[in-house]
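1. Need coordinates for the following:
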Amino acid sequence: MSSIMRDYDFPFPPYPIQVGLMDAVYEAMDRRGIALIESPTGTGKSLSLICGTLKWLADNHDNPSVLTNVDELEPSVSTGTDTAPNKVPAWVREQAEELERARKLDVVRAFRTSVATRVNAARHSRTWHDLATAADQGARTAPKRRRRNAPTNAAASSSSKSSAAAAASDLDDADLVIDYKADNADSKLEDDDDDTALAPPNLQPPQLIYASRTHSQLTQFMGELRKTRHVAPKPSWTTSTSSNGHEKEEDEGDERPIFSAVALASRKNLCINERVLAESRGSASRLNDACLDLQKNRSKSKKATAADSEQQCGCPYMEAGALDAFRDHALTHPHDIEDLGELGRTLSACPYYGARRAAPLASVLAIPYHALIHAPTRTALGIRVRGNVLVVDEAHNVADAISSAHSVELDAATVERAFNQVSQYEAKYAPRMRPDNRVLVRQTMAVVMAIHGWLKKTCGTGSVTSRMLTVPEFVAALEVEHLNLFSILAFLQKSELSRKVLGFLEKHHAGTVSDFSANADAVYVVASPLRVVESLLDKLVAPDADGRVLFVAPSPESRLPVLKYLALNPASHLSELIRQAHAVIFAGGTMSPMSDFEDFLFPDRYGKPLISYSCGHVVPSESVKCMGVPLAPSGRPIRCTMEGRKESTLLDDISAAIANITNVVPNGMVVFLPSFQMLNELETVLRTRSYLERIEKRKRVFLEPREAAELEPLLREYARHLDIPGNGALLLAVVGGKMSEGINFSDHLARCVVMVGMPYANRGSVELLEKLRYLDTIKAGASREHYENLCMRAVNQAIGRAIRHRGDYSAMLLLDVRYEERADVRDKLPEWLSQSMAPQREPQRPFGQVVRSLAGFFKSRSFA
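-> Residues are numbered from 1 along each chain as shown. Take a look at the predicted model:
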């Protein structure tokens, strides 16, 4: 790694590990590579990623060789070198190439200047009332002109409104009737009248695209971004002191580029139309459909007269001038998702479409995982990957996120509801359909019925077991070879039948009957069953090479059979990002073990170098204690294997170990177990063998609930109990549950974290077995490596819940002899944690030695 000293404009003096992280990020971008970055929570990962990436963007701001998509611009004049390159002297070619680079750079600078002019005008507006330009004002007054053309006579006005209402009712009903032509290519919604004046084709500013799992993490990212000098502070008229502490809005002597940033989110998070929000009743799919309906009404209203009623005017927040003003002001300084909503309300502009307008112009784009890893969503939002820098945060989840985004799941009740709903729709509107449309609707019903029939047939064959099929095997089993699935899918997508069926049900309150759901305790309910079936059909028509169809037999918990389309190889969907991006950075607090990323997520790196960096923790080494606990107080080995679980003494030994450890651990203590089943078994032993009574003399015991709704109250009670001086608490949790990821147990909430056993995934899972078999086809022995990595990544996630900042301290105990027997297990722990362990493995370490060492650790911290 480069040893060049760079000024990253970090907001405060960085730790050496933060400098190392920024250097690794800079190197990856400079070499057009891939970086794997592991930085534990509390080490300033987000801020280091921001400063490292933006430093590189600043250094290459005027470098024509890295400007995003500049090479796609057509030359303005012929250089003469294309026709006879061998006859042109080298110095002439070099001069022509230099002139062409300069021309491209001039185009980029002119484009940036045009954007900056708009943004600066918005930035220096003194009040919110100055936000709109003259064009904005013209757009805002247009609706008023339409109203002035309306009749003024009260009777005439009343008659006009009545006629308009009736016409609107007929129009709404007519809009539910499909009118699909197979050769009709004009199926794109005119959704937001994009102003392309500031976004020339094939040219966008170099972008940093930051992706994370949740909207709250994107909000946190924007907050960290505001702390740096790489972005502009809030306008001086909005606050006397900017959020990043700058005393002046601009430093005229500072020639460093200032970057703009925009966050994209779903309609559900950004919509400000109260009527649409009320009608959607919390459903994201209903909200999307209602929004698109308004776009269609708005498109029609452009050709409508004043008597066509306000119902046809679409969403009032979609005026072009207001959206342009929103775009300009969104670029003035970083807005998080809540800020965008407030800006939209102030300007009466849609935050969702306004942010989309601003996105191509921003230097930094913050988006959810799904918007990056799902190609159709990426295309719909206009997110371009080519030549840009991608930062995937919380990347330990990226493989699961990719698989989930490209998988489809539906149960038998969903299939039946889809068929029943389409049947009712067809019965209502068949007489008003064109003959070819009527045929396609009935063919759709035939496909749905074929899936339904296969499920009933499979469930009626006596002993039913889950099984995996290839896509050709499943399609053949449906016996629909007489139907053109490609034509049916195109019909579903372009006619928007699922949306029209949902609108029909909403309007006419049509009921549905399901044979499966009538006999089931629970139904897998979705807003639009036909849309889920459409997603499955999309996968059957164009399956991934690694795609499989899994049939899940009914179980005591769910008496319904389930169909799943599985994308077994996330690398196939990641490859396009790797190939097109300038550089890709995968970062997370717990990336170890990293071999899965290198071998399975990007086996083809398209010539990109791989840079790995695992930094230590900001806490001093004496603040961390990690130990294996191979033996119980009885002296028996603790071995939580399937065979070991059969020993009657195992749970007794674990209970005794936990009871003794609580004697020396202050404040809060969290114990993670491999499964809820083992948690329940351990609770029984604790209660029946008097261990619980012993423990509760020092610590109150809490158990992780299965229901998500019960989690927050339990955590509040756990924390409240620890806030009382002299109290302690013990929390028994499950690996893979709600407690093992996303919840921080900092400071007194977890002075000790205990990992019981090794949480291997269930090898009885048909889905897991198929994936392991698939991995072995890629690389011999890959399945074993992946299986081990799944386990150890779960361990690392769980024990990483403690130690959240520099002043924190905690002990981590690994309760299983295998942590001391196997060197490969220790190798898969994060480096900062493994370094705190004893250098030599000790499978025979007495339990008393563990307790004495633990007591000494906490005694030393009490005097620190």
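
2. element containing residue 684?
-> Take DSSP states H and E as the rule and residue 684 turns out to sit in helix 676-688.

3. tell me what that helix is packed against?
-> For helix 676-688, the packing partners by 3 or more C-beta pairs under 8 Å, 6 or more residues apart in numbering; DSSP states H and E come out as helix 650-662, helix 691-695, strand 700-703, strand 729-734. Yep, even glycine has a C-beta here, placed from its N, CA and C like the rest.

4. and if we set it to 6 Å?
-> helix 650-662, strand 729-734 (3 or more C-beta pairs under 6 Å, 6 or more residues apart in numbering; DSSP states H and E).

5. right, so of these, which gets closest to residue 262?
-> Nearest of the helices and strands packed on helix 676-688 to residue 262, taken as C-beta to C-beta: strand 729-734 at 37.8 Å.

6. Which SSE is immediately downstream of the closest one?
-> Strand 729-734 is succeeded, C-terminally, by strand 752-756 (DSSP H and E).

7. The helix holding residue 684: which residues count as buried?
-> By neighbour count on 16 or more other C-beta atoms under 10 Å, the buried set for helix 676-688 is 678-679, 681-683, 685-686.

8. Distance check, residue 678 against residue 645.
-> 8 Å (C-beta to C-beta, to the nearest Å).

9. Kindly report the same for residue 741.
-> Distance from residue 741 to residue 645, by C-beta to C-beta: 25 Å.

10. Ok, residue 552 next?
-> Distance from residue 552 to residue 645, by C-beta to C-beta: 25 Å.

11. Compare neighbour counts for the two and give me the winner.
-> residue 552 (19 against 15; other C-beta atoms under 10 Å).

12. So what does residue 802 look like in phi/psi?
-> phi -90, psi 180 (degrees, to the nearest 10).

13. Report the contact partners of it.
-> 745, 750, 753, 810 (C-beta atoms under 6 Å, 6 or more residues apart in numbering).

14. ok, and the most crowded of those residues?
-> Going by other C-beta under 10 Å, residue 810 tops these with 30 neighbours.

15. wait, that one sits on residue 804?
-> No - here residue 810 does not reach residue 804: they are 9.2 Å apart, not a contact under C-beta atoms under 6 Å.

16. Report the two of the buried residues of helix 676-688 separated the most.
-> The farthest-apart pair in these, when distances are taken by C-beta to C-beta, is 678 and 686, at 12.2 Å.

17. tell me which element the nearest residue to residue 821 once chain neighbours are set aside falls in.
-> Of all residues not flanking residue 821 in the chain, residue 843 sits nearest, at 4.9 Å (C-beta to C-beta, 6 or more residues apart in numbering). Counting by DSSP H and E, no helix or strand carries residue 843.

18. separation between residue 612 and residue 502?
-> 48 Å.

19. Comparing the two, which residue is more hemmed in?
-> residue 502 (23 against 16).

20. looking at this, that one is in a helix?
-> Yes - residue assignment for residue 502, taken from DSSP: H, G, I helix; E, B strand; the rest coil, places it within a helix.

21. Could you verify my assumption that it touches residue 528?
-> Yes - the pair residue 502 / residue 528 is scored as a contact, 5.1 Å apart, by C-beta under 6 Å.

22. In contact with the nearest residue to residue 667 once chain neighbours are set aside, which residues are there?
-> In this structure, residue 667 finds its nearest non-sequential neighbour in residue 748, 3.8 Å apart by C-beta to C-beta, 6+ apart. Counting by C-beta under 6 Å, 6+ apart, residue 748 makes contact with 667-668, 722.

23. again, 10 Å this time
-> Neighbouring residues of residue 748 by C-beta atoms under 10 Å, 6 or more residues apart in numbering: 666-668, 719, 722-723, 727-729, 808, 810.

24. Pick out whichever of those residues sits closest to residue 411.
-> The nearest one, if we look at the contacts of residue 748 relative to residue 411 and count by C-beta to C-beta, is residue 719, at 38.2 Å.

25. per-residue pLDDT, residue 557?
-> For residue 557, the pLDDT comes out at 70.

26. Can you tell me which of the buried residues of helix 676-688 is closest to residue 431?
-> Closest to residue 431, out of all of the buried residues of helix 676-688 and judged by C-beta to C-beta, is residue 679, at 59.7 Å.

27. excluding its backbone neighbours, what's nearest that closest one?
-> Nearest one to residue 679, counting by C-beta to C-beta, 6+ apart, is residue 673 at 4.9 Å.

28. Then residue 219?
-> residue 336 (4.2 Å).

29. do residue 386 as well
-> residue 580 (4.4 Å).

30. Ramachandran coordinates for that neighbour?
-> phi -90, psi -30.

31. That one and residue 370, how far apart?
-> 18 Å.

32. burial of the residue nearest to residue 495 when sequence neighbours are not counted, as a residue count?
-> Computed as C-beta to C-beta, 6+ apart, the closest residue to residue 495 that is not its neighbour in sequence is residue 180, at 3.9 Å. Applying other C-beta under 10 Å, we find 20 residues neighbouring residue 180.

33. you'd agree residue 180 is in a strand?
-> No - the assignment for residue 180, made by three-state DSSP, is coil rather than a strand.

34. start at 4 instead
-> In the new numbering, first residue 4, that becomes residue 183.

35. For this protein, give me the ranges with low pLDDT.
-> 4-6, 70-90, 128-176, 186-208, 238-258, 300-316, 464-465, 512-530, 745, 866-867 (pLDDT under 70).

36. Residue 772 against residue 569, yeah?
-> No - Residue 772 is not in contact with residue 569 according to C-beta atoms under 10 Å; the separation is 11.7 Å.

37. Please enumerate the shared neighbours of these two.
-> With C-beta under 10 Å, 6+ apart as the test, residue 772 and residue 569 both reach residue 471.

38. These two: which has the busier surroundings?
-> residue 569 (23 against 14).

39. Now do the same for the more buried one: helix, strand or coil?
-> Per three-state DSSP, residue 569 ends up strand.

40. Any figure for the gap between it and residue 473?
-> In terms of C-beta to C-beta, residue 569 sits 11 Å off from residue 473.

41. Report the set of residues contacting both of these two.
-> 550-552.

42. picking up where we left off before, surely the residue nearest to residue 498 is in contact with residue 493?
-> Yes - contact criterion C-beta under 10 Å: residue 183 and residue 493 qualify, at 9.0 Å.

43. At which residues are the strands of the stretch 304-453 of the chain located?
-> Assigned by DSSP state E, counting those that start in this stretch, the strands in the stretch 304-453 of the chain fall at 367-371, 392-395, 411-414.

44. those strands in the stretch 504-653 of the chain, which residues are they?
-> Going by DSSP E, counting those that start in this stretch, the stretch 504-653 of the chain shows strands at 550-555, 565-570, 586-591, 613-617, 627-631.

45. Adding distance to residue 126, write the contacts of residue 805 out as a markdown table.
-> Shown next, in a markdown table, are those (distance: C-beta to C-beta, whole Å):
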| residue | distance to residue 126 |
| --- | --- |
| 748 | 42 |
| 753 | 45 |
| 756 | 48 |
| 813 | 46 |
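
46. quick check, nearest of the residues you listed to residue 348?
-> residue 748 (37.7 Å).

47. quick one, what contacts that closest one?
-> 671-673, 718, 721-722, 734, 736, 742, 754, 756, 803-807, 811, 813.
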